[in-house]
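Novice: here is my input; please provide its structure:
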Amino acid sequence: MSSVTVKMTKVLGHWKLFSSDDKWDEYMRTLGINFVLRKVGNSITSYEEIKQNGDDWELNITSTFKNAHLKFKLGEEFDETTLDGRKCKSTFVVEGEDLVHYQKGIKPGEVDSKITRTRVDDETMTITLEAIDKNLVTIRTFKRHTP
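Specialist: Numbers count the residues shown, from 1 in each chain. As a prediction, the model looks like this:
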């Protein structure tokens, strides 16, 4: 088992959104997400499932509004359509013990993001979302979940 596999088993599994800090709405606005979608984003509970099979990874994001299913290999760029409909180039990498998701906008003026998943303890994972070059960071806290 590689050292990356050992480190990343910490974030594998099922997670349920527990809380968002007071910068979440501002973060969505900075990305250009409209008012209606921000209201939905502020009110729904989302779930994440992170799976790994060898070099193949999956991130399933589900909610009562929309779902996303990402399949990826670490370090390989792929096309992503975000839950709010933005198209971007995405890459997942491991930094320390964190699973980091970089989203690069395709259109001029779109904001790039760095999304870091960190396991805090056996029951808690944080997702730190940074609007790159905008000096804006928000943190969402997830708790381990049994579906």
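
Novice: how about the contacts made by residue 72?
Specialist: By C-beta atoms under 8 Å, 6 or more residues apart in numbering, residue 72 lies in contact with 56, 57, 58, 59, 78, 90, 91, 92. (C-beta placed from N, C-alpha, C; glycine too.)

Novice: mind giving me the PyMOL select for those, buried ones only?
Specialist: Applying 16 or more other C-beta atoms under 10 Å to these leaves a buried subset, and the PyMOL line that selects it is:
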select buried, resi 57+59+90+91+92
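
Novice: what's the closest of the contacts of residue 72 to residue 40?
Specialist: Ranked by distance to residue 40 (C-beta to C-beta), the contacts of residue 72 are led by residue 59 at 20.1 Å.

Novice: what sits against the residue lying closest to the closest one once chain neighbours are set aside?
Specialist: Nearest residue to residue 59, sequence neighbours excluded (C-beta to C-beta, 6 or more residues apart in numbering): residue 70, at 4.4 Å. Contacts of residue 70 were listed using C-beta under 8 Å, 6+ apart, and they are 58, 59, 60, 61, 78, 80, 90.

Novice: which helix in this protein has the most residues?
Specialist: The single longest helix within the chain, with elements called by DSSP state H, is helix 35-43.

Novice: and the very next helix or strand once past that one, what's its mean pLDDT?
Specialist: The C-terminal neighbour of helix 35-43 among helices and strands, as given by DSSP states H and E, is strand 46-53. Taken as a whole, strand 46-53 has a mean pLDDT of 95.

Novice: what does stretch 127-138 give?
Specialist: If you average the pLDDT values across stretch 127-138, you get 96.
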